[in-house]
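Visitor: The sequence isn't on hand, but the structure is:
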Ligand SMILES: CCCCCCCCCCCCCCCCCC(=O)SCCNC(=O)CCNC(=O)[C@H](O)C(C)(C)COP(=O)(O)OP(=O)(O)OC[C@H]1O[C@@H](n2cnc3c(N)ncnc32)[C@H](O)[C@@H]1OP(=O)(O)O
């Protein structure tokens, strides 16, 4: 038998037994009722903005009442409040967003962040995922995302992220995000979130047998060797010194030497530089950011030749998160390119932790062309 629940205090009620429903209000007549189950919570104090809803008990109800002053216990220390932790890593600063309005955020391209001709694709993915995550119950974690890069982003202007709450179910939630510059949608992301659940388990993917990261050189060490090793001709060393070096906030260690650089595959260890806040949502955003750094370029490997200049842009990007992620611990990125055709290179990726567990699977398609000579004044794209 249904009965209304009246709550006159500022507390949070966590359901321990039975079911309650929050009916749609008059303005949202087409929206179905939310049914709240065990361990869902409601009440004032769960959010800074207050929304009024009628909550109806569908059967006898037992709740745990969390007094308002302890409401912060439901808010983990996260990128959501990164500005309060000045010691956080560069990656947390890159992913930090300014809230502008309900479901609207502003992101920036920091001068110390890696930039290419256009906004780095991983920055769009990481920031858009951060925006989506901020609008989802913190018990639900992203398990898949699908992104499309529409227009090259401008590094010099902020990016506005508008989140659309596509659906909130009891186990899953779906968000669509549009990234805009100068009023134009330049990037879109759709992400699905899920509450932790116990279910069937198997892993058919096997981590390749590669040397551990401690036995391998990172990018800085490879560069240092190229600059100083007397076995390289001096002309080569001078050329290497002139090449622009981007100190990425991700540390990478390549498993194979340059001899295998023509294979349509690549294995490397990577981890975020610096310690990250202990927040699973943040770690997933960081790995999403890192996953676009060296991915589609692998589809060019069989075509590399002396003097080749390429024009390479990510077109779309998908990630499936199978298990919890620790982005500041070593993960092995195993990349293969099954096909390049029609100016598009296709890559698949798998990320394993050191224990050989498959943490994520990824795919991407990229535009891969020979670079055509640029005119003196390239047309702005925005
Ligand atoms: C063992 C040790 C190993 C060590 C290894 C260490 C390696 C380190 C390497 C570091 C690499 C790091 C890579 C990081 C890559 C990150 C990927 C990204 O972020 S990507 C960022 C995320 N992704 C994005 O931002 C993509 C956003 N999306 C878009 O930009 C568009 O949708 C589109 C371009 C894809 C299609 O648009 P649509 O209008 O249908 O296309 P149109 O065909 O009409 O071309 C339009 C215009 O594009 C231009 N252009 C085209 N071709 C060429 C070329 N060959 N040439 C030159 N320019 C070219 C041209 O301006 C042209 O205009 P016009 O001259 O003709 O007038």
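Guide: All right, it came through fine. Note that the structure is predicted; figures quoted are calculated from it, not measured.
Visitor: so how far is the ligand from the closest residue to residue 41 other than its chain neighbours?
Guide: On the basis of CB to CB, 6 or more residues apart in numbering, the spatially nearest residue to residue 41 that is not a chain neighbour turns out to be residue 14, at 4.4 Å. For glycine as for every other residue, the C-beta is placed from the backbone atoms N, C-alpha and C. Here residue 14 is placed at a distance of 42 Å from the ligand (CB to the nearest ligand atom, to the nearest Å).
Visitor: go on, residue 13?
Guide: With CB to the nearest ligand atom as the criterion, residue 13 and the ligand are 45 Å apart.
Visitor: Name whatever forms a beta bridge with that residue.
Guide: Applying DSSP bridges to residue 13 yields these beta-bridge partners: residue 42, residue 65.
Visitor: tell me the contacts of it?
Guide: Contacts for residue 13 were tallied using CB atoms under 8 Å, 6 or more residues apart in numbering; they are 7, 41-43, 63-66.
Visitor: which of those residues sit farthest apart?
Guide: Of all pairs drawn from the contacts of residue 13, the one with the largest separation by CB to CB is 7 and 64; the distance is 13.7 Å.
Visitor: Those two: who's more crowded?
Guide: Here residue 7 and residue 64 are compared on neighbour count by other CB atoms under 10 Å; more neighbours surround residue 7, at 14 against 11.
Visitor: what residues does the stretch 201-350 of the chain put near the ligand?
Guide: By the criterion of CB under 6 Å from any ligand atom, the positions of the stretch 201-350 of the chain lying close to the ligand are 254, 258, 261, 292-293, 297, 311, 313-315.
Visitor: PyMOL command for the buried members of those residues?
Guide: Here is the PyMOL selection string for the buried members of these, based on 16 or more other CB atoms under 10 Å:
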select buried, resi 254+292+293+297+314+315
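Visitor: Among the residues of the stretch 201-350 of the chain next to the ligand, show me the least confident.
Guide: Across these, the bottom pLDDT score, 68, is held by residue 258.
Visitor: Run through the stretch 201-350 of the chain and note the low-pLDDT ranges.
Guide: Under the criterion of pLDDT under 70, the regions of the stretch 201-350 of the chain flagged as low confidence span 258-259.
Visitor: so where do the helices sit in it?
Guide: 219-228, 234-242, 280-290 (DSSP state H, counting those that start in this stretch).
Visitor: Could you identify which of those is most buried?
Guide: helix 280-290 (a mean of 26; mean count of other CB atoms under 10 Å).
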